[in-house]
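[1] test case, fold it:
(one chain, ligands or ions: 1)
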Amino acid sequence: MTSELTRLTLSGALERLSRRELSAVELTAAHLDAMAAARELNAFITETPDCALAMAEASDARRARGEVGPLDGIPLAVKDLFCTSDVLTTAGSRILDGFRPPYESTVTARLWQAGAVCLGKTNLDEFAMGSSNMTSAFGPVRNPWTRPGENEALVPGGSSGGSAAAVAARLCLGATGTDTGGSIRQPAAFTGTVGLKPTYGRCSRWGIVAFASSLDQAGPMARTVRDCALLLEVIAGYDPKDSTSADLPVPRFSAAVGRSLAGLRIGVPREYRVDGMPDEIERLWQAGAAWLRDAGCELVEISLPHTRYALPTYYIIAPAEASSNLARYDGMRYGLRVQGDSLTDTYMATRGEGFGAEVKRRVLIGTYVLSAGYYDAYYLKAQRVRRRIADDFTQGFEHCDAILTPTAPSAAFRAGEKMDDPVAMYLNDVFTVPVNLAGLPAISVPAGLSDDGLPLGLQVIGRPWDEETVFAVAAALESAAAFDHLPYGLEA
Ligand code: GLN
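    The predicted model follows:
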């Protein structure tokens, strides 16, 4: 169920609010209605309607007094990996059963400080481990998109699948996501929405449930490039509570949207032409290159020679960090406790019941690669390869100002597909993972439909701290692609 109000973009809604043609309460109520009518998507783990309406009323009161924040009255959804004060925070896992954090993450605190309204907490792969949202302890999320004329459930991508589905189905005007290996960009691509992973250190990780701390980054998801830029302006910035957050000024990212691209050099990495890549992905990539050429860019072929080592490297480093981060879930401090006969039994029973299969797989892999005797062969080696991958990008950026690639090697797949083959699932991140290993900013923009009518995304990768060029290039792709399709059920 969409309405005129839920179809607004975030920037469109801000204009209407500022012209007093619309109140925050009306806007919020329209989104709460849409959420209630779309429960079969399972996009939310927790809806917070009372809190949303109270925040919307407070926003209207502020506006009446002339004290508006940059996002005042904008209803947003929050990935359930961000701690929200006194609101259930699950990370998609049973092990955090009943956990109501006594504090608010920096990113969400900044959103509320800017006047935004919290609609609820979105579903995700357990501890953000996945590319399909099938690993959530709260059940899979359904992509609002289906193949035309079919009703078969497709995945929304992962791990920020609930946020992506909520944005695509017009249940919110924007959402937060986190991206460790592609979890903002791949679900954005699968749902025809825009998602940006900022430079590592641009947004504070404080209060975000940790998966792999050297890779995790929070970022915005919305329906337009401009809307993502507006969200990033609010959530970015130095935070003394996160030692990896960068003490750099936050540019007005939205000013880069619509900027001329004349003379910009766009790199096309040769190694991203992977074996078995479907023709339609190749065609989309070519179309993107042609649009940027028309916008005044020079297209240059570049080489990122260590690309093929990125997935294996990621699947050593991410599980290693995860096994260490997840050691804190022992039944003593938060969430679930399954009592055993001894302390050790209690640990084992709690973790045995509290974690799902994918999380256990990663804890086992991570513990193995960090164990004495294997540490040098796996973990240290992976760290060295990670450096090579980052160096590839540094060298690539000597020849170009931004890089254009597909976001994912396929469109959304069927719910349940690839579940018995973790490696096939991991391959879906082939174009997104290298970016996290190098700490770079990258965005996914909807660029067209697949042969069977599903959204496909293009990825723009930038130099560290150069989100502005990423936004400028993404905006050019967005306007050339003119992707205005709605999920099929929402057309009416
Ligand atoms: N799909 C990747 C994984 O499972 C990335 C997840 C993420 O970015 N959080 O690790």
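[2] what kind of secondary structure is Ala56 in?
    Under DSSP: H, G, I helix; E, B strand; the rest coil, Ala56 falls in the helix class.
[3] any regions of the stretch 351-492 of the chain where pLDDT drops low?
    Flagging of the stretch 351-492 of the chain using pLDDT under 70 yields the residue ranges 491-492.
[4] just give the nearest non-adjacent residue to the residue in it that the ligand sits nearest to, would you?
    Closest contact between the stretch 351-492 of the chain and the ligand, by C-beta to the nearest ligand atom, is at Asp429 (4.8 Å). The way it works is simple: take the backbone N, C-alpha and C, and place the C-beta from them, glycine included. What sits nearest to Asp429 in space, not counting adjacent residues and going by C-beta to C-beta, 6 or more residues apart in numbering, is Gly182, at 4.4 Å.
[5] got a list of what that neighbour touches?
    The neighbourhood of Gly182, defined by C-beta atoms under 8 Å, 6 or more residues apart in numbering, consists of Ser131, Thr407, Ala408, Asn428, Asp429, Phe431, Thr432, Val433, Val435, Asn436.
[6] what does Tyr488 give?
    By C-beta under 8 Å, 6+ apart, the contact list for Tyr488 reads Trp145, Thr146, Pro148, Gly453.
[7] gap between the last one and Asp484?
    What that stands for is Gly453. As defined by C-beta to C-beta, to the nearest Å, Gly453 lies at a distance of 14 Å from Asp484.
[8] the more surrounded of those two?
    Between Gly453 and Asp484, counted using other C-beta atoms under 10 Å, Gly453 has the larger neighbour count: 15 against 7.
[9] that one reaches Pro148, doesn't it?
    Yes: in this structure, Gly453 is within contact of Pro148 by C-beta atoms under 8 Å, at 4.4 Å.
[10] doesn't Pro441 make contact with Asp466?
    Yes: judged on C-beta under 8 Å, Asp466 makes contact with Pro441 at a distance of 6.7 Å.
[11] quick check: phi and psi at the spatially most central residue of the chain.
    When C-alpha atoms, centre = their mean is applied to the chain, the residue found nearest the centroid is Ile184 (1.9 Å). Here the main-chain torsion angles of Ile184 (degrees, to the nearest 10) amount to phi -100, psi -40.
[12] do Asn143 as well
    Recorded main-chain torsions at Asn143 are phi -70, psi 130, according to degrees, to the nearest 10.
[13] that one: how many residues sit nearby?
    Burial of Asn143 is recorded as 32 neighbouring residues (other C-beta under 10 Å).
[14] need the contact list for Gly115.
    If a contact means C-beta under 8 Å, 6+ apart, then Gly115 has Ser59, Arg62, Val68, Gly69, Pro70, Leu71, Asp72, Gly73, Ile74 as its contacts.
[15] and if we set it to 7 Å?
    Applying C-beta atoms under 7 Å, 6 or more residues apart in numbering, we find Gly115 in contact with Ser59, Arg62, Val68, Gly69, Leu71, Asp72, Gly73.
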